[in-house]
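# I would like to see how this sequence folds:
(chains A and B, ligands or ions: 1)
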Amino acid sequence: MQKLTIALAGQPNVGKSSLINAISSSRLKVGNFSGVTVDKTEVAFKWCDEASCSDYEMSIIDLPGAYSLSDYTIEEKVAKKFIQSDEYDLIVNVVDATNLQRNLLFTAELLESGKKVVVALNMMDEADKEGIKIDEKLLSEILGVTCIKTSASEKSGIDELKSAIVAAYKNDGYTSKVKYSDHIEEEIAKIVDFFKEKKYKKDISYRILAIKLLKEDSETYKMMHDEPIWIELLPLIRASLEHIYIHSDSKDIEQIFRDEHFAFAKGAKMEAMEISSMRAKNFTQKIDNILINKFLGIPLFLFFMWGLFQLTFTLGAIPVDMIDEFFTSIGVASKSVFGEGALGSLIGDGIVPGVGAVIMFLPNIIILFIGIALLETTGYMSRVAFLLDGFFHRFGLHGKSFIPLVTGFGCSVPAYMVARTLKNERERLITLFIIGFMSCGARLPVYVLFVGAFFSQENAGSILFLIYIAGAFFGLVAAKVLKMFVFKGENEPFVMEMPKYRLPSLKLVWHTVYSQAKSYLKKAGTFILAASMLVWFASNYPKDEALTNQYQVQIEHAASPEIQIELQNELKKISLENSYLGKTGYVLEPFFRPLGFDWKMSVAIGTGLAAKEVVVSTMGVLYSLGEDVTEEDQGLMEKIKAEIPFASAISFIVFVMIYLPCLAASMVFVKEAGSWKYLWYLFLFTTTTAWIMSFLVYRAVLIL
Amino acid sequence: MLLSELKKGDKAVIKKINASGAFKNRLSSMGIVEKESVKLKEYSLAKSTMEIEVAESYVALRFKEARLIEVEKI
Ligand SMILES: Nc1nc2c(ncn2[C@@H]2O[C@H](COP(=O)(O)OP(=O)(O)OP(=O)(O)O)[C@@H](O)[C@H]2O)c(=O)[nH]1
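Next up is the predicted model:
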């Protein structure tokens, strides 16, 4: 049994993932490339080559799509690093047969890595329909490596591809035939001859080494620097470069080689490809005439988004309610099994609701992700970016930022995850930082409570709307500020392919959604569980046994059920006041006093870090009404109206609008931003902004 | 003239790209190089982004970047 590791490389959207699915039905392993949030899909399977009848254990790694081996996007960085490593035996370069020229440009780069390469001419079914004919024998001749026609969607050419992989693996020696202009070939020959004369020993071919030296590849220079041959080699290279410069009229060696690759790719395409009709292309054009139309484009997109959110938050709400009930009943049941003691409370009040909160998001996440995956695989996402970039670009964001931001109005957890569609690190981070400004569904109860208490019925709707709009507006301003002071630097240029519209394969969509949902459950699940246990502990300890007992006695001897409940609520209030959480509230009070908050409001802000809904139930406890109050509760509204001054209430709303979203979201944020330090920044950023804004609003209302 | 000055439906040949480094690299890996011909397909409402056809692909770019590309109408 021989082991064979294959790197699957290609430009974005050429069908790499589909091809992996077509090659093997084994389970895909999804992980991350070390240190970055770029998915690494791997599949391992056994295959018997009939020609030699030897068994192979193949493992294929799906590299992220890259237009070239550069550092332009994280994906490209990852792909480049992997291609330059020794972690694999052979490259399978997937090529979109309907876009040969641009794809071959990347092939030329891969051929110069010095690794063995097999080319898969994918999308052949589509090429046939478009009347594109490719002579793959001739193309193999020109490139010097085997080219196989495949179609991932029709599963054709897969066995041929496997045989070609094995054949290339067994074939020793490097065969690439990327040809340069004569003057460059001359210089390459000179250096190769020099190596030959010196009988220089190296494990890569002389030609590749010579090309890398001429391309001023820094890794190669570092490697050669310590070799004795270097002293003699250096003048040779210098002279060669001079010659090349004279011929090319330029000293930009990178550019010179890129032009050479371009000429090679174009030449190869001209020779090996023939085109007879343009049918399928017109299909994309027809759709685009409507979808990216100056006037229709944006309304249509908004309509699609509206539909998706309707689905997400109405269809998704059905299982959510069921899950909620399910976990509530488990919570109650576990208390009766484990008793009312510490263990029962830990399980019933800490762990079960914590896990429930994680699972509760799942239906929404799945529906939303199916929608997003459809947007991406059909090619519509690029159109969205095209339509909206003009507006979002002004705030340092990208056209695609729109989707995570709007998702944020529903829930920050999926919003953070959706931000992955942004390929540029800086734009993605800015988007991540401002998602919290879009008021999520969980803040609604807080708003309803306060707006209900302080505004008339007629005005409540408009005020609520104003709160949401103000949040979004603050978010855009914050993005601009972040762009100017934190994530500084020239704007990334925006050059984006508009891929052809394609019908997505359901298997592929499901696979994407499944792996995202799984990673959410795994990562968020563990952290949220730990965090909810921590919050449970902070709000329940230290316990004052004597006081509790004293109350218990009073409750038992209470004259009427009403007094009993009142006493129980009082006990809850005092316990919360004395808990670590309550004490924190007291400690924080001076910090919040300039905003007009009393200690109760400070505690509510603190518990709100766990989840925004908790703000309401905490206030219920603190105003001695028990835990089971809702935002519609008249009693609580009246209490709040009586105890909290108007200005403080407004300032409280503003604070809730801006400060850190819930624990679950924070954990997902860490994962998506890629580092804990960003959570710390986010905390500082949102808290300071919230504080300043609340302060300003508080003072302004006081003056009015 | 500049790529940004083309009208919808215009065809042109790229004469010169006034960029360097990573950005130029990106343009050429998208097939936008000197001597290639392009066609302006559509631009967005506020004239901030445009879609061009080059070789077999469609590429979107901002007007800001399009101003770096000199073309000759055909
Ligand atoms: N007609 C046709 N469509 C295909 C073929 N292979 C893939 N597709 C479709 O092309 C689209 C992109 O395929 P993916 O497998 O996601 O491409 P990818 O290269 O993995 O994309 P990235 O990971 O984003 O680089 C999907 O909608 C596929 O259904 C094929 O052989 N024929």
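
# Mind naming the longest helix for chain B?
With secondary structure taken from DSSP state H, chain B has its longest helix at helix B:21-29.

# So it, near chain A or not?
Yes. Under the criterion of CB under 8 Å from any CB of the partner chain, chain A is reached by helix B:21-29 at B:22-29. All C-beta spots, glycine's among them, are computed from the backbone N, C-alpha and C.

# Which single one of the residues you listed is nearest to chain A?
Nearest to chain A out of the residues of helix B:21-29 next to chain A is residue B:29 (CB to the nearest CB; 4.0 Å).

# measure the closest one to residue A:428 for me?
21 Å (CB to CB, to the nearest Å).

# got the residues of chain B near chain A?
So chain B meets chain A at B:20, B:22-33, B:41-49, B:51, B:55-62, B:65 (CB under 8 Å from any CB).

# For these, which ChimeraX command selects only the ones that are buried?
Applying 16 or more other CB atoms under 10 Å in any protein chain shown to these, the buried members can be selected in ChimeraX as follows:
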select /B:23,24,25,26,27,28,29,30,31,32,33,41,42,43,44,48,49,51,55,56,57,58,59,60,61,62,65
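
# Run the chain-centre distance for stretch A:567-574.
45 Å (CA atoms, centre = their mean, to the nearest Å).

# Can you give me the buried ones in that stretch?
A:567-569, A:571-574.

# ok, now stretch A:475-488?
Across stretch A:475-488, burial judged by 16+ other CB under 10 Å covers A:475-476, A:478-483, A:487.

# same check, this time on stretch A:220-230
Applying 16+ other CB under 10 Å to stretch A:220-230 flags A:220, A:224 as buried.

# what's the answer for stretch A:81-96, then?
A:81-83, A:88-96.

# Now tabulate these in a markdown table and tack on pLDDT, distance to chain B and secondary structure.
As requested, these are arranged in a markdown table below (pLDDT from 0 to 100; distance: CB to the nearest CB, whole Å; DSSP: H, G, I helix; E, B strand; the rest coil):
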| residue | pLDDT | distance to chain B | secondary structure |
| --- | --- | --- | --- |
| A:81 | 88 | 16 | helix |
| A:82 | 89 | 18 | helix |
| A:83 | 89 | 15 | helix |
| A:88 | 88 | 23 | coil |
| A:89 | 88 | 26 | coil |
| A:90 | 91 | 23 | strand |
| A:91 | 92 | 17 | strand |
| A:92 | 93 | 20 | strand |
| A:93 | 93 | 14 | strand |
| A:94 | 94 | 16 | strand |
| A:95 | 93 | 12 | strand |
| A:96 | 91 | 9 | strand |
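
# Let's have these in JSON lines, adding distance to residue A:195.
Listed next are the buried residues of stretch A:81-96 as JSON lines, based on distance: CB to CB, whole Å:
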{"residue": "A:81", "distance to residue A:195": "27"}
{"residue": "A:82", "distance to residue A:195": "28"}
{"residue": "A:83", "distance to residue A:195": "24"}
{"residue": "A:88", "distance to residue A:195": "26"}
{"residue": "A:89", "distance to residue A:195": "25"}
{"residue": "A:90", "distance to residue A:195": "25"}
{"residue": "A:91", "distance to residue A:195": "25"}
{"residue": "A:92", "distance to residue A:195": "30"}
{"residue": "A:93", "distance to residue A:195": "27"}
{"residue": "A:94", "distance to residue A:195": "33"}
{"residue": "A:95", "distance to residue A:195": "32"}
{"residue": "A:96", "distance to residue A:195": "37"}
